[in-house]
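> got a predicted structure here, sequence first:
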Number of protein chains: 2
Amino acid sequence: MATLTTLALDAMGGDHGPSIVIDALTQALSTFPEVQFIVVGDDTELQPLLDQAQLLGNPRVVVKHASQTVTMTDKPGYSLRAKPDSSMRVALELVATEQAMACVSAGNTGALMTNAYFTLKTLPGVLRPALVSAIPQQQEKFSLMLDLGANTVCDSETLFQFGVMGAVAAQAVLGIERPRIALLNVGEEDTKGNDVVKAAAALFQQSSQLNYIGFIEGDDLFSNQADVIVCDGFVGNIALKSCEGLADLLLSNINENIHKHWLTRWFVKLFYRRLKSSWEWLKPDHYNGASLIGLRGVVIKSHGDANARAFYSAIEQAVAATQRDLPARIRDRVEQVLLEQE
Amino acid sequence: MATLTTLALDAMGGDHGPSIVIDALTQALSTFPEVQFIVVGDDTELQPLLDQAQLLGNPRVVVKHASQTVTMTDKPGYSLRAKPDSSMRVALELVATEQAMACVSAGNTGALMTNAYFTLKTLPGVLRPALVSAIPQQQEKFSLMLDLGANTVCDSETLFQFGVMGAVAAQAVLGIERPRIALLNVGEEDTKGNDVVKAAAALFQQSSQLNYIGFIEGDDLFSNQADVIVCDGFVGNIALKSCEGLADLLLSNINENIHKHWLTRWFVKLFYRRLKSSWEWLKPDHYNGASLIGLRGVVIKSHGDANARAFYSAIEQAVAATQRDLPARIRDRVEQVLLEQE
């Protein structure tokens, strides 16, 4: 019998409590017969939910009790110091001690990054872990963008490493042979931007091993110009969240206009599915799950307000990253590139 | 007879040449009978266009010849050193020498900022000029966002001043009594963000004269939480351009889905106007024109690829800023706030 892949699920982290995690687990058990799960959280809350889902006694489901829960308002440092037995920390420690191959959590992003960094440490030579996610592109493609908030300040070497790690992930996860790497900037010319992006561009240009294509601007974030889009976590977080804000504005506005006339209302009912499919593909549910890469283990961050569908999608991503052994690939690649720099 | 307001138009700056400027001018002459215009550019190109538009001999239209044109690819420093007789510079000098009260240009943003800074200088006490624009909000409101690209690196004092200047502009231009000022950040808690935004937040909190409401995240950029949204030019430029990119992606995607069925195609034809109005309001045409504020004069930057409608909208904005004497108001307010800081 082949060795099972084991994932640790932080069951307590999300906004909607452990029930969505159990729903997602139920689905994952049937899709991934070769995966077993360690569900980490408060035993007294988990047992009834598992019972209800008829998962008690399932040989592929283990419950690991954790007495504490990191809340959405806990500061990262506080979660680290005051909550050594949080479901998040315990799930990460299962990865650090190789009892699990990956951890999935919908918990507080800052706390997850701090706890993961502390528990797992970065890979040799890697300066900082980065939060990376797939973002939709023209022609129904996807690209990876990083960092999305793990590091609010980055130096040029760190941005360069994000490009290296992002390219490995794009290859492993999106199946892109020679990913096009771009730096997000305020202009495409060499003279544009601040000193950090300019110095990072110089590092990319010096490396012979990467397919670096130059700067791209915000309006090309979704135009399928690049497979890996590199920026610091401050810019990345604000850029993507601003896009979320705009999508909300557009939807509410269209909705308002549509409801002004009976014929448009009728039409929308009739074509609801078709219209919806325009948006569905863009909704985070379908590509939910940002990876924290650069660590000695796979850590997937699900949206805090993820539903079961979205949490399942994060589990899917954890399985893919584990099976493709993303951390080892990143380690090898970073080593190669660092050697060239010496 | 009342003194006429005089605007200088850089006729050569935009992607589409002087003809759209002349079209916009024709419209502006009829809307603003109290405004006269100095059209700056290459005489030999302008005369035939003015002739065609029957504006030759119009007492409210003066042509000022400029032998050079700043191109979209000219670097800011180059445009300053090598093109002292560019239409852009000459138009700005008309403001500096008080022959015009405002300058409107669709030229290269970087060059416009550099030339404006050099020609007009900042107001007393103002550290840096900022590029500010109105952005649409929920409930069909508008807010001002700054900086959108004039300064790729800002210290906390500069961000604080942007808030002060933005509030004056929101009061004068949007008519908001006590504008809510927010700093754009990666989280709403005090501990979030980089050192610069945290220090800027402290400056806002110390000031008794401003309605500072704290940090907002990108997903609240359009949710009508704040009237003045402050960030550095690197973040502001990328956030807004990313939103443009997303809007393009959504439109092309919806378009594709709609054209898959004859009934949806028919429906779209029938309801084109109504659907269009959902988007029109969001299109930059209608609020085109970013102001460069903090200078000793009014400078309005129109989109480089502005059509006549959009350039007209930038002229409208220049008239409003001039008539409300925005620079003097900003000067007075900055003085007040700086006095309090001492």
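Now that the structure is in, tell me what you want to look at. On a predicted model such as this, the values are computed, not experimentally measured, just so you know.

> and the nearest residue to residue A:311 once chain neighbours are set aside, how far is that from residue A:307?
Of all residues not flanking residue A:311 in the chain, residue A:24 sits nearest, at 3.9 Å (Cβ to Cβ, 6 or more residues apart in numbering or on different chains). In this view, the C-beta of every residue, glycine as well, is placed from N, C-alpha and C. To residue A:307, residue A:24 is 9 Å away according to Cβ to Cβ, to the nearest Å.

> tell me which of the two has more neighbours.
Neighbours per residue (other Cβ atoms under 10 Å in any protein chain shown) separate residue A:24 from residue A:307, with residue A:24 holding more: 27 against 17.

> my guess is that one contacts residue A:318, does it?
No. With contact defined as Cβ atoms under 8 Å, residue A:24 does not reach residue A:318; the gap is 11.2 Å.

> name the SS class of the residue nearest to residue A:311, please.
Following DSSP: H, G, I helix; E, B strand; the rest coil, the label given to residue A:24 is helix.

> what sits against it?
If you count contacts by Cβ atoms under 8 Å, 6 or more residues apart in numbering or on different chains, residue A:24 has them with A:308, A:309, A:311, A:312, A:314, A:315.

> next, the buried residues of the helix or strand containing the third one.
Think residue A:311. Counting by DSSP states H and E, the element that carries residue A:311 is helix A:308-323. Using 16 or more other Cβ atoms under 10 Å in any protein chain shown as the test for burial, helix A:308-323 gives A:308, A:310-323.

> what's the first helix or strand after that helix?
Counting by DSSP H and E, the next helix or strand C-terminal to helix A:308-323 is helix A:326-341.

> how far is that next one from where the chain is centred?
21 Å (Cα atoms, centre = their mean, to the nearest Å).

> contacts for that helix, please.
Applying Cβ under 8 Å, 6+ apart, the external contacts of helix A:326-341 come out as A:123-126, A:161, A:164-165, A:167-169, A:171-173, A:206-210, A:291, A:293-298.

> ok, 10 Å please
A:95, A:101-102, A:120, A:122-127, A:157, A:160-161, A:163-169, A:171-173, A:203, A:206-210, A:291, A:293-299, A:320-321, A:325 (Cβ atoms under 10 Å, 6 or more residues apart in numbering or on different chains).

> which residues are common contacts for residue A:24 and residue A:318?
A:9, A:104, A:302.

> low-confidence stretches in chain A?
A:1-3, A:254-288 (pLDDT under 70).

> got the domain boundaries for it?
Domain ranges of chain A: A:1-126+A:294-325, A:134-284, per automatic domain parsing.

> got a markdown table for those domains, with distance to residue B:44 too?
Formatted as a markdown table, the domains of chain A follow (distance: least, Cβ to Cβ, whole Å):
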| stretch | distance to residue B:44 |
| --- | --- |
| domain A:1-126+A:294-325 | 60 |
| domain A:134-284 | 30 |
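
> got the contact list for residue A:291?
By Cβ under 10 Å, 6+ apart, the contact set of residue A:291 is A:102, A:129-134, A:144, A:146, A:165, A:169, A:173, A:298-301, A:314, A:317-318, A:320-321, A:326.

> so what's it bridging to?
Note on residue A:291: beta-bridge partners by DSSP bridges are residue A:132, residue A:300.

> ok, it to chain B distance?
18 Å (Cβ to the nearest Cβ, to the nearest Å).

> how far out from the middle of the chain is the lengthiest helix in chain A?
As assigned by DSSP state H, the longest helix anywhere in chain A is helix A:233-258. Centroid displacement of helix A:233-258 relative to its chain, using Cα atoms, centre = their mean, is 19 Å.

> ok, the most centrally placed residue in chain A to chain B distance?
Centroid-nearest residue in chain A: residue A:290, 0.5 Å away (criterion: Cα atoms, centre = their mean). The gap separating residue A:290 from chain B is 14 Å, by Cβ to the nearest Cβ.

> before we move on, what about residue A:322?
Distance from residue A:322 to chain B, by Cβ to the nearest Cβ: 29 Å.

> who touches residue A:100 in this structure?
When contacts are counted by Cβ under 10 Å, 6+ apart, residue A:100 touches A:5-9, A:36-38, A:40, A:62, A:64, A:91-94, A:297-298, A:318, A:322.

> repeat that with 8 Å
A:6, A:7, A:8, A:38, A:91, A:94.

> and residue A:88, by the same measure?
By Cβ under 8 Å, 6+ apart, the contact set of residue A:88 is A:10, A:12, A:13, A:70, A:79, A:105, A:107, A:108, A:111, A:112, A:115.

> for residue A:183, state which of these is nearest.
The nearest member of the contacts of residue A:88 to residue A:183, counting by Cβ to Cβ, is residue A:112 at 26.0 Å.

> with adjacent residues omitted, what lies nearest to residue A:86?
Residue A:86's closest residue in space is residue A:68 (Cβ to Cβ, 6+ apart), at 4.3 Å.

> settle this for me: the one you found is touching residue A:83, isn't it.
Yes. Counting by Cβ under 8 Å, residue A:83 is a contact partner of residue A:68 at 4.4 Å.

> how about the helices of the stretch 1-150 of chain A, start to end?
Counting by DSSP state H, counting those that start in this stretch, the stretch 1-150 of chain A has helices at residues A:18-31, A:43-52, A:76-82, A:87-96, A:109-120.

> just want the angle from the fourth one to helix A:109-120.
What it means is helix A:87-96. Between the axes of helix A:87-96 and helix A:109-120, defined by axes from the mean of the first three to the mean of the last three Cα atoms, to 10 degrees, the angle is 30 degrees.

> wasn't residue A:172 part of a helix?
Yes. Checked against three-state DSSP, residue A:172 lies within a helix.

> and the gap between it and chain B?
25 Å.

> which residues does that residue contact?
A:321, A:324, A:326, A:329.

> could those go into a markdown table alongside distance to residue A:58?
Output for these, formatted as a markdown table (distance: Cβ to Cβ, whole Å):
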| residue | distance to residue A:58 |
| --- | --- |
| A:321 | 24 |
| A:324 | 26 |
| A:326 | 27 |
| A:329 | 32 |
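
> can you say which of the residues you listed are buried?
Burial by neighbour count, 16+ other Cβ under 10 Å: within the contacts of residue A:172 this picks out A:321, A:324, A:326, A:329.

> the first one and residue A:173 touch, don't they?
Yes. Under the contact definition of Cβ under 8 Å, residue A:321 touches residue A:173, with a separation of 6.8 Å.
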